[in-house]
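>>> everything below, folded, please.
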Amino acid sequence: MKKQLKSIIWGVAIIALGVIFGGNALGLFNINVFFDGWWTLFIIIPSLVGLVTDKDKISNLIFLSAGIILLLAAQNVFSFDVAWKAILAIALVVAGIAIIVKSLWKKDGDKEVEKKLRDLNDGKSMDSEMAVFSGSDRTYNGEVFPGANLTAIFGSVDLDLKNAKFTKDTVIKAFCLFGGIDIKVPEDVQVKIKSGFIFGGASDDRKGNHEKGKYTIYIDAAGGFGGVSVSDKDGK
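This is a model prediction of the structure:
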């Protein structure tokens, strides 16, 4: 539904732009779309769409604020030097508020994952995969999965557990900064995620009901300007 809504909004925006150009060309009206700061619309419009359709409201709110501030600067309301300082200030304040809110208002699912992380994670038997300005791929074929520490910094980590063996509940600790982590899991396992991100997030993109799996993977995902995704599909 949200994808359809996003497509509808973009479709209406493109149609409106076409009508404006067509009307100007035919002399029906004269609307100047190239006003001072018109380029900020490429920041403002996607942010407005994202506020309606995306789960990540914080980054869209910051980009919307930045777009409006830059538009006002282009209109000579204040200087661009002041604008950049204001944008930085807003970004820091909103990010700080987001961190506080996420730490205070934890979902029941997050509390459950935190408890399991403490109970299951001994930090000794877990595998480690790290990608810094690079990519890392790890595939388990018939091997027992003991859990993993995954780190992606300006890079990507792909962990394929489709053919892994599970003998107990396991833990994955995933951290990404300006990067991404993709985790593919079998259809017969449960996945529970605790997420703590600034400008990013973790998503479970599997289809269907996976609540009856014998074993559970508990994922502790954190970072910034990146994301962790879980799927049960083959391929990239």
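>>> residue 41 should be in a strand, yeah?
No: Residue 41 sits outside any strand when classified using DSSP: H, G, I helix; E, B strand; the rest coil, being helix.
>>> what does the pLDDT read for it?
We have a pLDDT of 85 for residue 41.
>>> can you give me the helices for this protein?
Shown for the chain, the helices assigned by DSSP state H span residues 2-26, 41-53, 57-74, 80-104, 108-120.
>>> which helices and strands sit right next to the first one?
Read that as helix 2-26. Packing partners of helix 2-26 (3 or more Cβ pairs under 8 Å, 6 or more residues apart in numbering; DSSP states H and E): helix 41-53. Placement of C-beta: from N, CA and C, glycine included.
>>> bridging residues for the residue nearest the centre of the chain?
With distances taken as Cα atoms, centre = their mean, the residue of the chain nearest its centroid is residue 200 (3.3 Å). Here residue 200 sits in beta bridges with residue 226, going by DSSP bridges.
>>> isn't it right up against residue 225?
Yes: counting by Cβ atoms under 8 Å, residue 200 does reach residue 225; the two are 5.8 Å apart.
>>> how about the helices of the chain in JSON lines, adding distance to residue 217?
Converted to JSON lines, the helices of the chain look like this (distance: least, Cβ to Cβ, whole Å):
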{"stretch": "helix 2-26", "distance to residue 217": "26"}
{"stretch": "helix 41-53", "distance to residue 217": "29"}
{"stretch": "helix 57-74", "distance to residue 217": "27"}
{"stretch": "helix 80-104", "distance to residue 217": "22"}
{"stretch": "helix 108-120", "distance to residue 217": "10"}
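>>> show the contacting residues for residue 177.
By Cβ atoms under 8 Å, 6 or more residues apart in numbering, residue 177 lies in contact with 152, 153, 154, 223, 224, 225, 226.
>>> state the pLDDT value of residue 107.
57.
>>> which of the contacts of residue 177 count as buried?
152, 153, 223, 226 (16 or more other Cβ atoms under 10 Å).
>>> the residue sitting furthest away from the middle of the chain: what's it in contact with?
Distance from the centre of the chain peaks at residue 27, with 44.6 Å (Cα atoms, centre = their mean). Contact criterion Cβ under 8 Å, 6+ apart gives no residues in contact with residue 27.
>>> how far off centre is stretch 57-72?
Offset of stretch 57-72 from its chain centre (Cα atoms, centre = their mean, to the nearest Å): 17 Å.
>>> what residues of it count as buried?
Neighbour counts over stretch 57-72 (16+ other Cβ under 10 Å) mark 58-72 as buried.
>>> the residue lying closest to residue 72 once chain neighbours are set aside: how many residues sit nearby?
Distances taken as Cβ to Cβ, 6 or more residues apart in numbering put residue 78 closest to residue 72, at 6.6 Å, once the chain neighbours are dropped. The number of residues packed near residue 78 is 12, by other Cβ atoms under 10 Å.
>>> verify the stated contact: residue 78 with residue 71.
No: look at residue 78 against residue 71 with Cβ under 8 Å: they stay out of range, at 11.4 Å.
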